[in-house]
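> Here is the input, now give the coordinates:
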Amino acid sequence: MARAVERPAASDAAALQRMRRQKQAGTRPELALRRELWARGLRYRVGLRLPIPAVRRTADVAFPKQRVAVFVDGCYWHACPEHGTRPRSNSGWWATKLAANVARDRDTDHKLRLLDWVPIRIWEHEEPRAAALRVHQVVRERQGRTYP
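Numbers count the residues shown, from 1 in each chain. Reported below is the predicted structural model:
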């Protein structure tokens, strides 16, 4: 397994505090999506560890019986082509870090598809109702299926 490159020191105290306050789960976009899914009558699991061998990956929202995993991706952390930004301080390290995040996302999606799961990626800037409709359609479509 490749070792992570040592993280550089924060450019200033304010940047360090921003990074420390950054939530990893239960973000506003994630909660908004979950409220919309619940209102549509969908019941889900939060933070489910996915059944991918040899790696630890979790879904923000999961429907295990239907094999649907939903990820609410932050524009910064997952390099949104529309809203993603590049920091000026330690730019080389951040470029590598963000590229690794995107590569991990693609790897997760690929491995889930091999296991007959449907990964759904939602950007944090997407309108929650539209995103919930997308998820709802996939879950309902897969509801009647049986899996080995």
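
> Give me the buried positions along stretch 102-112.
Taking 16 or more other C-beta atoms under 10 Å as the neighbour-count basis, stretch 102-112 is seen to contain the buried residues 105, 108-109, 111-112. Glycine gets a C-beta too; all of them are placed from N, C-alpha and C.

> ok, and what's touching it?
Residues outside stretch 102-112 that contact it (C-beta atoms under 8 Å, 6 or more residues apart in numbering): 50, 52, 55, 57, 69, 71, 73, 78-79, 118-119, 121.

> Just the ones of those in strands?
Taking DSSP state E, the ones among the contacts of stretch 102-112 that sit in strands are 69, 71, 73, 118-119, 121.

> Now for residue 134: which residues touch it?
By C-beta under 8 Å, 6+ apart, the neighbours of residue 134 are 120, 122.

> can you offset everything so residue one is 18?
Done: numbering now begins at 18, and the last item shifts to residue 151.

> What strand or helix carries it?
In this structure, residue 151 sits in helix 145-159 according to DSSP states H and E.

> Sort out which residues of that helix are buried, please.
Neighbour-count burial for helix 145-159 [16+ other C-beta under 10 Å]: 145, 148-149, 152, 155-156, 159.

> quick one, the strand or helix carrying residue 109 and strand 85-90 angle?
Residue 109 is part of helix 108-131 when elements are defined by DSSP H and E. If you take axes from the mean of the first three to the mean of the last three C-alpha atoms, to 10 degrees, helix 108-131 sits at 170 degrees to strand 85-90.

> I'd like the average pLDDT over helix 108-131.
Computed over helix 108-131, the mean pLDDT rounds to 91.

> among the ones in strands among the contacts of stretch 119-129, which one has the lowest pLDDT?
Of all the ones in strands among the contacts of stretch 119-129, the model is least confident about residue 90, whose pLDDT is 93.

> That one: what's it in contact with?
With C-beta under 8 Å, 6+ apart as the criterion, the residues that contact residue 90 are 97, 122, 138-141.

> Of those, keep whichever come out buried.
122, 138-141.

> can you tell me which of those residues lies nearest to residue 163?
Relative to residue 163, the closest of the buried ones among the contacts of residue 90 is residue 138; by C-beta to C-beta it sits at 26.0 Å.
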